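Asker: heads up, no residue letters with this:
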DNA sequence: GCCAGGAGAGAACGAGCGTTCTCCGATTGA
DNA sequence: TCAATCGGAGAACGCTCGTTCTCTCCTGGC
């Protein structure tokens, strides 16, 4: 999908509706109404709902990782940069109506029926895991600690989504602080 | 729902179809075909699809925790009992066609639209967390370690579901072994 | 033997889905 | 000024959903 103003409106509308209510619960008509575009215009930009779903996940992967980097870059010390991941995660997940990790949720809903969505989710999680391992390595942690940090982050995200609170993320941050070398 | 042979057939069919393909992707007609019951019989036992969804989650909560206890009871030493949770999880998640934690997936799909499903997911996760904390306490671990074990378990389950492999669970087990007092 | 009653299966219903098609108005070139 | 072409809006289509209804058949009492 090209990067026009209309494409942005479409992706914005679809992204928030999909995130709030899920993919199958949101019809194309609601996306039409929320974006202010006509169905014909939408289908001219995007051949199907599944393609729109993938486009939403793809764009969100970029914005999500960009926001993560911005959070990390608030700190200079390598150890603090790892902890900053969790500080940022806590902020990211604390907005009203937040419902956890969009990719975990997408996998839960579409993982059994849509292989392309599964591939998108795996790609996102791989990217996150690699980045986390890199940050941990720069802070002097072993790959094993890197994997622990990743699993704690995943557990914290899924728990924050289900409970609606971000305490789990803060707890994970404390645990990571103990795992990293001083 | 009473515990008749037909109710069991219904719940068995619905549980495996829901788990494999998700809730909205499975129509009542597929459940009818898989269970061998007529629609009228199904609706005589269960007033709606949402009620069936909850009944499936409820029964699975019991069978899941019973299987967990059976896994834990293979060990007598308190420390080994905590590790046995992860050994059992790895087995539980290694079957063909496995797709991670049914409650996390249910939350991903229906969390935005069905408050009763959210409540069922929270109840299940609370129960698991309490049991885990208890086991960790009996092994001499602090509540903080108990929370770490819970977050690692959640992260491992969600990662195992997405990747289709159980390595993450085994890694989590190793990390827990390091966290627990010797 | 016959009629009343209940349970069976699956056709039917209204709604909503993703996607396409039709119609209408605007615009452009001579 | 007019005709031809293009693009937009949303009505329409075929399908599937969850749920209900109808019709049929079997059973049991007199």
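Answerer: Looks like it came in fine. Since this is a predicted model, take the numbers as computed values, not measurements. Residues are numbered from 1 along each chain as shown, chains lettered A, B, ... in the order given.

Asker: Let me know the secondary structure of residue A:18.
Answerer: helix (DSSP: H, G, I helix; E, B strand; the rest coil).

Asker: Equivalent analysis for residue A:112, please.
Answerer: Assignment for residue A:112 (three-state DSSP): coil.

Asker: check contacts around it.
Answerer: By Cβ atoms under 8 Å, 6 or more residues apart in numbering or on different chains, the contact list for residue A:112 reads B:19, B:20, B:21, B:22, B:25, B:99. C-betas here are computed from N, CA, C, even on glycine.

Asker: Residue ranges in chain A under the pLDDT threshold?
Answerer: Along chain A, segments meeting pLDDT under 70 span A:2.

Asker: mind running it again at 80?
Answerer: For chain A, the stretches flagged by pLDDT under 80 are A:1-3.

Asker: For DNA strand D, give me its nearest residue in it.
Answerer: Nearest to DNA strand D, among the residues of chain A, is residue A:38, at 3.0 Å (Cβ to the nearest atom of the strand).

Asker: OK, contacts around that residue?
Answerer: Applying Cβ under 8 Å, 6+ apart, we find residue A:38 in contact with residue A:32.

Asker: Compute the distance between it and residue A:54, please.
Answerer: As judged by Cβ to Cβ, to the nearest Å, residue A:38 and residue A:54 stand 22 Å apart.

Asker: Please tell me how far the residue lying closest to residue A:181 once chain neighbours are set aside sits from residue A:124.
Answerer: Nearest residue to residue A:181, sequence neighbours excluded (Cβ to Cβ, 6 or more residues apart in numbering or on different chains): residue A:140, at 4.7 Å. Going from residue A:140 to residue A:124 by Cβ to Cβ gives 27 Å.

Asker: Which one of these two is surrounded by more residues?
Answerer: residue A:124 (23 against 13; other Cβ atoms under 10 Å in any protein chain shown).

Asker: So the more buried one sits against residue A:59, correct?
Answerer: No. Contact criterion Cβ atoms under 8 Å: residue A:124 and residue A:59 do not qualify, at 11.6 Å.

Asker: just to revisit the earlier point, quick one: which of the contacts of residue A:112 is most hemmed in?
Answerer: residue B:22 (25 neighbours).

Asker: List the contacts of that one.
Answerer: A:24, A:108, A:109, A:110, A:111, A:112, A:113, B:105, B:109.

Asker: and the second one, how many neighbours does it have?
Answerer: I take that to be residue A:108. For residue A:108, using other Cβ under 10 Å, the count is 32.

Asker: Repeat that for the fifth one.
Answerer: Residue A:111: 25 surrounding residues under other Cβ under 10 Å.

Asker: again with the fourth one
Answerer: In terms of burial, residue A:110 registers 27 neighbours under the definition other Cβ under 10 Å.

Asker: Likewise for the last one?
Answerer: With neighbours defined by other Cβ under 10 Å, the count for residue B:109 comes to 28.

Asker: For the helix or strand where it lies, give me every contacting residue.
Answerer: Using DSSP states H and E, residue B:109 maps to helix B:102-110. Identification of contacts with helix B:102-110 by Cβ under 8 Å, 6+ apart yields A:22, A:24, A:100, A:104-109, A:111, A:158, A:161-162, B:18-19, B:22-24, B:53, B:57, B:60, B:99, B:117-118, B:120-121, B:124-125, B:154, B:157-158, B:161.

Asker: Which of the residues you listed fall in helices?
Answerer: Here DSSP state H is the test, and the contacts of helix B:102-110 give A:104-109, A:158, A:161-162, B:18-19, B:53, B:57, B:60, B:117-118, B:120-121, B:124-125, B:154, B:157-158, B:161 as lying in helices.

Asker: Chain A against DNA strand D: which residues are in contact?
Answerer: A:37, A:38, A:39, A:40, A:41, A:44 (Cβ under 7 Å from any atom of the strand).

Asker: Quick check: residues of chain A near DNA strand C?
Answerer: Checking chain A against DNA strand C by Cβ under 7 Å from any atom of the strand, the hits are A:24, A:26, A:27, A:28, A:29, A:30, A:39, A:40, A:43, A:48, A:49, A:50.

Asker: Repeat the analysis, applying 6 Å as the threshold.
Answerer: A:27, A:28, A:29, A:39, A:40, A:43, A:48, A:49 (Cβ under 6 Å from any atom of the strand).

Asker: Determine the number of other residues adjacent to residue A:126.
Answerer: Residue A:126 has 12 nearby residues by other Cβ under 10 Å.

Asker: Same check on residue A:157?
Answerer: Counted by other Cβ under 10 Å, the residues lying close to residue A:157 total 26.

Asker: Setting aside sequence neighbours, what's the nearest residue to it?
Answerer: In space, residue A:157 is closest to residue A:101, 4.5 Å off (Cβ to Cβ, 6+ apart).

Asker: OK, contacts around the nearest residue to residue A:138 once chain neighbours are set aside?
Answerer: Nearest residue to residue A:138, sequence neighbours excluded (Cβ to Cβ, 6+ apart): residue A:78, at 4.4 Å. Neighbouring residues of residue A:78 by Cβ under 8 Å, 6+ apart: A:135, A:138, A:139, A:140.

Asker: so the last one touches residue A:146, yeah?
Answerer: Meaning residue A:140. No. With contact defined as Cβ under 8 Å, residue A:140 does not reach residue A:146; the gap is 11.1 Å.
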